[in-house]
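Asks: Next come a sequence and a model predicted from it.
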Amino acid sequence: MKHKILLVDDQRVNLLTLEKLLEPLALESFMTTRTEEVLPLLQKHDFTLALIDVRMPGMNGFELVKKIRSDSKFNGLPVLFISGENVDQHFIREGYLAGAVDYLCKPLEPEILRSKVNSFCAIKEKELLIRIQSEEIQRQKERLEHVIAERSQIEEAQQESEMRYRTLVELSPEALAVQVQNKLVFFNNATLRVLGEVDVSSLTGKSMVAFLHQDDRDIVGTYLENVERRGGRAEPIEARIQRNNSVVYVVLRAGCVLYEGKIGVQIALQDITQRKALEDDLRKLSQLDGLTGLANRRAFNERIENEWYRAIRNKSKLSIILLDIDAFKSYNDHYGHQQGDLCICAVANVFKQTIRRPDDLAARYGGEEFIIILPETEEAGALLIAEQMRRQVEELALEHKYSPVGDHVTVSLGVSTTTPDINRKLHDLILTADQALYQAKESGRNRLVTTMLQ
């Protein structure tokens, strides 16, 4: 802290000398030669110490200090008298009675002066620290008293409603439990059902976390600890209950409670397994083509991007096959849209049977256009699969009187293979497959053309 010191002497040169002697202590000095200015200065500043000359015209140092001490606000200000004459016992006694704490005689010894002033600065700092600590202790005491009062009220209210609460909880269809110090101390019958337990003893004394899926335990454990530590309620989270051979999805809600005089966590579990299954079904449906049951364009876009970046990480090959039913417009115009849909489904079924690896994907790319993703597949492997598809579609022997190729339905295919890296673009892979498909059609249809994206 920056200490302020008051210097009072009727001689300006004495004040400047004092200030110079105290310069090494880096104090903020306030000087005055007029005793009537002292009280206004004391009103305005918090001084650590006052150095006052005894012999001054008008009001001497003793009278000035008595006047200072008459105001209770300045009673604690330490005063050092500076005297230019011999000091006898009577003189010293008069100074102490006036309110001084020490004497310094002229000529002043710089080291003694600075040592004494330094001592009072240290005392001031300790007093300030003690005051701050006392205020903090008082605030902590008030907070503690407030917490104790609140807990007392909660405990009284809990005791009054505990029986009513237990009855309602037991009748609740929702799984409800209370955990204190990471151990279950109360739960209703619905909790047993959700956790897949039949014996009460299998839950008592265990943590709710012990019944969760391994991957959810750390997250839920931290969630429950925060609720117990901070109090109040927390936003619900989703978790998985691990049964012997199955997983149950739940929404878990938690709030801080007082249970038998101890702070705990009340846990509510809502079984959402059926809802999650429906959501999963809807998600899958949103990625399926309604006519063929193959993946739709949206699913293809998501998968091809994932496979592209996976191939970059693994430095592996990636192939795609883009194919089109030959002269399908003529087929649709002659046989009708309904028969056209049946034709598309029959061709799509060939792709379903041909694509066998889990990571391969067949998707409907447009009206009569399809696209196949073949991760980790060299050009030769992609050609074998493409030729198998072409041949199997031909073997369907679906009548097509208006085909320029023959009297049955056929397909043309474009194959593109590359080793993805950060300098290439996914769009170029699809573009080269489209160009290869165009060449297959221009070359007479019912054939495949391959290209490598360099």
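Replies: It's in.
Asks: buried stuff in stretch 6-13?
Replies: Neighbour-count burial for stretch 6-13 flags L6, L7, V8, D9, D10 (criterion: 16 or more other CB atoms under 10 Å). No exception for glycine: its C-beta is placed from N, CA and C like everyone else's.
Asks: Closest to M389 out of those residues?
Replies: Set against M389, the nearest of these by CB to CB is L6 (100.8 Å).
Asks: did I read that right, the closest one in a strand?
Replies: Yes: counting by DSSP: H, G, I helix; E, B strand; the rest coil, L6 is located in a strand.
Asks: measure it to A122 for me?
Replies: Distance from L6 to A122, counting by CB to CB, to the nearest Å: 18 Å.
Asks: And for E135?
Replies: Taking CB to CB, one finds E135 at 21 Å from A122.
Asks: which SS class is Y223?
Replies: Once three-state DSSP is applied, Y223 turns out helix.
Asks: Cross-check the contact I'm expecting between it and A234.
Replies: Yes: the pair Y223 / A234 is scored as a contact, 6.5 Å apart, by CB atoms under 8 Å.
Asks: what's the overlap in contacts for the two?
Replies: Residues touching both Y223 and A234 (CB atoms under 8 Å, 6 or more residues apart in numbering): A254.
Asks: Okay, now the unreliable bits of the stretch 351-454 of the chain?
Replies: Confidence mapping of the stretch 351-454 of the chain against pLDDT under 70 gives the ranges 454.
Asks: and if we set it to 80?
Replies: 452-454 (pLDDT under 80).
Asks: For the closest residue to H400 other than its chain neighbours, grab the count of nearby residues.
Replies: Once flanking residues are discounted, H400 sits nearest to V409: 4.7 Å by CB to CB, 6 or more residues apart in numbering. Counted with other CB atoms under 10 Å, residues neighbouring V409 total 24.
Asks: do L294 as well
Replies: Look at L294: counted by other CB under 10 Å, it has 25 neighbours.
Asks: tell me the contacts of N446?
Replies: Residues in contact with N446, defined by CB under 8 Å, 6+ apart, are D326, R390, E394, V405, G406, T410, V411, S412.
Asks: and what of A295?
Replies: If you count contacts by CB under 8 Å, 6+ apart, A295 has them with Q287, L288, D289, R303, L361, A362, A363, R364.
Asks: Please flag which of these sit within helices.
Replies: Judged by DSSP state H, the contacts of A295 include R303 as members of helices.
Asks: Out of the contacts of A295, the closest to L129 would be?
Replies: Closest approach to L129 among the contacts of A295 (CB to CB): R303, at 67.2 Å.
Asks: The closest one and I373 touch, don't they?
Replies: Yes: look at R303 against I373 with CB under 8 Å: they come within range, at 6.0 Å.
Asks: Can you check which residues contact both of the two?
Replies: With CB under 8 Å, 6+ apart, R303 and I373 have common neighbours L361, A363.
Asks: Looking at those two, which is more packed in?
Replies: For R303 versus I373, the count of surrounding residues by other CB under 10 Å is larger for I373: 22 against 18.
Asks: in a helix, that's where the more buried one is, yeah?
Replies: No: counting by three-state DSSP, I373 is located in no helix; its state is strand.
Asks: Any idea what it is bridged to?
Replies: I320, L361 (DSSP bridges).
Asks: Now stretch 84-101: buried residues?
Replies: Residues of stretch 84-101 classed as buried by neighbour count (16+ other CB under 10 Å): F91, G95, A98, G99, A100.
Asks: export those to JSON lines and tack on pLDDT and secondary structure?
Replies: JSON lines is the format used below for the buried residues of stretch 84-101 (pLDDT from 0 to 100; DSSP: H, G, I helix; E, B strand; the rest coil):
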{"residue": "F91", "pLDDT": "72", "secondary structure": "helix"}
{"residue": "G95", "pLDDT": "74", "secondary structure": "helix"}
{"residue": "A98", "pLDDT": "76", "secondary structure": "helix"}
{"residue": "G99", "pLDDT": "75", "secondary structure": "coil"}
{"residue": "A100", "pLDDT": "75", "secondary structure": "coil"}
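Asks: For the residues you listed, which two are the farthest from each other?
Replies: Across these, no pair lies farther apart than F91 and G99, at 14.7 Å, counting by CB to CB.
Asks: Which of the helices and strands in this structure ranks last by mean pLDDT?
Replies: helix 89-98 (a mean of 74; mean pLDDT, DSSP states H and E).
Asks: What subset of the contacts of N446 is buried?
Replies: Using 16+ other CB under 10 Å as the burial test, those include D326, R390, E394, V405, T410, V411, S412 as buried.
Asks: Out of those residues, which is nearest to E174?
Replies: The shortest approach to E174 among the buried ones among the contacts of N446 belongs to V411, at 56.0 Å (CB to CB).
Asks: ok so, going back, for the buried residues of stretch 6-13, give me a markdown table that also has distance to Q140 and pLDDT.
Replies: Output for the buried residues of stretch 6-13, formatted as a markdown table (distance: CB to CB, whole Å; pLDDT from 0 to 100):
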| residue | distance to Q140 | pLDDT |
| --- | --- | --- |
| L6 | 36 | 88 |
| L7 | 40 | 89 |
| V8 | 41 | 88 |
| D9 | 46 | 87 |
| D10 | 50 | 85 |
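Asks: which of those lies closest to D218?
Replies: Distance to D218 across the buried residues of stretch 6-13 (CB to CB) is lowest for L6, with 62.7 Å.
Asks: Without its sequence neighbours, what residue ends up closest to that closest one?
Replies: Using CB to CB, 6+ apart, the closest residue to L6 is A50 (4.2 Å).
Asks: what is that neighbour paired to in the beta sheet?
Replies: Counting by DSSP bridges, A50 forms beta bridges with L6, V79.
Asks: filter the contacts of A295 to the buried ones?
Replies: Using 16+ other CB under 10 Å, the buried ones in the contacts of A295 are Q287, L288, D289, R303, L361, A362, A363, R364.
Asks: For the longest strand along the chain, buried residues please.
Replies: What stands out as the longest strand in the chain, according to DSSP state E, is strand 247-259. Within strand 247-259, the residues scored as buried using 16+ other CB under 10 Å are V248, Y249, V250, L252, R253, A254, C256, V257, L258, Y259.
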